[in-house]
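S.K.: Sequence and predicted structure, then a few things I'm wondering about:
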Amino acid sequence: MRPLAPGDVASLIGLVEASEVFRPDEVEVAREVLEACAAKGEASGYFGRVEDGEAGDPRGFACWGPTPCTQGTFDLYWLVVHPRAQGRGAATRLLAEAEADVRRRGGRQLIAETSSTDPYSPARSFYEARGFRAVARIPDFYRPGDAKVVYVKPLHPNQGGK
């Protein structure tokens, strides 16, 4: 696990595209976030970590940051693992790194958002299996028939976190 570096952006966008679940406009949002994180580091408000495969090529990444206008709430903006590397714990390790970092920064809770559609079912199951609780569902958010599902995971023991 290592911090996201400026030279990672193209290969990480390749991971986003390889996942085959994100629309082109979503890929562009990922590019904007990754470029900002790579160029400005923590000053961007985004924190990124990359897990490399055995050949040194990125197999997954996570990007998170403090939610503006909140105290101790952080958003998990991206958590992507190449389809060939899924099921080997990379997403779990990346999420654990993000959660540990949020705790170090005094964060209270981590928010993850995803789609309600079938291609995102594995993502919803992943979050639920790791202690996230669905707290909101906004119908037709992404497009008609595609709701936004908002998950939260408390990170402090006094909030039910671990």
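M.R.: Thanks, I have it. Residues are numbered from 1 along each chain as shown.
S.K.: The longest helix along the chain - contacts with which helices or strands?
M.R.: Taking DSSP state H as the criterion, the chain has its longest helix at helix 24-40. If you count contacts as 3 or more CB pairs under 8 Å, 6 or more residues apart in numbering; DSSP states H and E, helix 24-40 packs onto helix 9-18, strand 47-52, strand 58-66, strand 73-81. All C-beta spots, glycine's among them, are computed from the backbone N, C-alpha and C.
S.K.: Give the partner strands of the shortest one in its sheet and their orientations.
M.R.: To tie it back to what came earlier, the one meant is strand 47-52. Here strand 47-52 has these sheet partners by DSSP bridges: strand 2-3 (antiparallel), strand 58-66 (antiparallel).
S.K.: For residue 94, which of the ones you listed is the nearest?
M.R.: Counting by CB to CB, residue 94 lies closest to strand 58-66 out of the strands paired with strand 47-52; the figure is 4.0 Å.
S.K.: Deepest in the core, which of the helices and strands packed on helix 24-40 is it.
M.R.: Neighbour counts averaged per stretch over the helices and strands packed on helix 24-40 are highest for strand 58-66, at a mean of 24; criterion: mean count of other CB atoms under 10 Å.
S.K.: for that strand, the distance to its chain's centre please.
M.R.: Here strand 58-66 is found 6 Å from its chain centre; the criterion is CA atoms, centre = their mean, to the nearest Å.
S.K.: Report the mean per-residue pLDDT for that strand.
M.R.: Confidence for strand 58-66, expressed as mean pLDDT, is 96.
S.K.: same thing with stretch 13-24?
M.R.: 93.
S.K.: can you check stretch 152-160 too?
M.R.: Here stretch 152-160 scores 80 as its mean pLDDT.
S.K.: how about low-confidence regions in the chain?
M.R.: Where the chain drops to pLDDT under 70, the residues are 157-162.
S.K.: which one's the longest strand in it?
M.R.: Assignment by DSSP state E gives strand 133-143 as the longest strand of the chain.
S.K.: for the helix or strand following that strand, packing partners?
M.R.: Of the helices and strands lying after strand 133-143 in sequence (DSSP states H and E), the nearest is strand 146-154. Helices and strands touching strand 146-154, as assessed by 3+ CB pairs under 8 Å, 6+ apart, comprise strand 109-115, helix 121-129, strand 133-143.
S.K.: Try it again at 7 Å.
M.R.: Using 3 or more CB pairs under 7 Å, 6 or more residues apart in numbering; DSSP states H and E, the elements in contact with strand 146-154 are strand 109-115, strand 133-143.
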